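# Okay, structure incoming, though there's no sequence with it:
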């Protein structure tokens, strides 16, 4: 006799900016373990096996609409990975108001919007996992990246505050801080620039996107149920002590 209304397999997972690089590897890792994965992008190209949702996280109405679409397809979001981010690098005295505002609005305020909307469903479920993708730059600083570093450092304060607010409902909030990763963004560097960077990394190489994804899936899994408010570096030792 067949079971009536069986529970759907896996969890409802949302990965923002999941069409390339780190975000894509994270989305694919959740798909591989049997979760129901939604990916938001601005232009499409989500990985196979995911729900491809268009969303500009700088638009609160678009965020609400994306969650409604995901909830209709997969149920309430149980795991949020806030990965979408941009850069607008330049030195402080050349940095425009728009260079500052656009990076803060996407990387920091966008993550706030996502966490706020996801928390509504997680509080009702009395469980959840929120993972912010920060950067070693948010901890070490980087010349020419005042806006980016500030946005990524802000994620740490936000995560730790949410860990205190939401912890009593079995919702964990953590941060993964990647170092230099082999992606489209680092592919444009010259060989000389790459060699200089690798010389600063104790492990002497870049990370693969899959190595960042492994940290995220661990934080979202049962084995990390007692980990919250943590910053997990995946940086080859570059940011040690921070």
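Okay, I see it. Fair warning: this is a prediction, and the values are worked out from it, not measured in the lab.

# make it CA atoms for all contacts and neighbour counts henceforth
OK.

# pLDDT score for residue 191?
As predicted, residue 191 sits at a pLDDT of 89.

# Any figure for the gap between it and residue 63?
Residue 191 sits 39 Å away from residue 63, going by Cα to Cα, to the nearest Å.

# got it, and residue 101?
Applying Cα to Cα to residue 101 and residue 63 gives a distance of 19 Å.

# Tell me which of the two has more neighbours.
residue 63 (20 against 13; other Cα atoms under 10 Å).

# wait, what's in contact with the more buried one?
Residue 63 makes contact with 55-57, 113-114, 117, according to Cα atoms under 8 Å, 6 or more residues apart in numbering.

# can you check residue 49 too?
By Cα under 8 Å, 6+ apart, the contact list for residue 49 reads 31, 37.

# mind listing the helices for the protein?
Ranges of helices in the chain, per DSSP state H, are 21-32, 60-74, 97-103, 110-125, 137-140, 146-166, 184-187, 191-200, 209-219.

# quick one: contacts of the first one?
This points to helix 21-32. Contacts for helix 21-32 (Cα under 8 Å, 6+ apart): 13, 15-18, 36-37, 39, 46-47, 49-50, 83-84, 182-184, 209-210, 212-214, 216-217.

# Separate out the buried members of these.
13, 15-18, 36-37, 39, 46-47, 50, 83-84, 182, 209-210, 212-214, 216-217 (16 or more other Cα atoms under 10 Å).

# you'd agree residue 35 is up against residue 11?
Yes: between residue 35 and residue 11 there is a contact under Cα atoms under 8 Å: 4.9 Å.

# on that earlier part again, can you tell me which of the helices of the chain has the worst average pLDDT?
helix 184-187 (a mean of 76).

# List the contacts of residue 10.
33-36.

# how far out from the middle of the chain is the lengthiest strand in the chain?
What stands out as the longest strand in the chain, according to DSSP state E, is strand 171-178. Between the centre of strand 171-178 and the centre of its chain there are 8 Å (Cα atoms, centre = their mean, to the nearest Å).

# do the same with stretch 51-68
Stretch 51-68 sits 15 Å away from the centroid of its parent chain (Cα atoms, centre = their mean).
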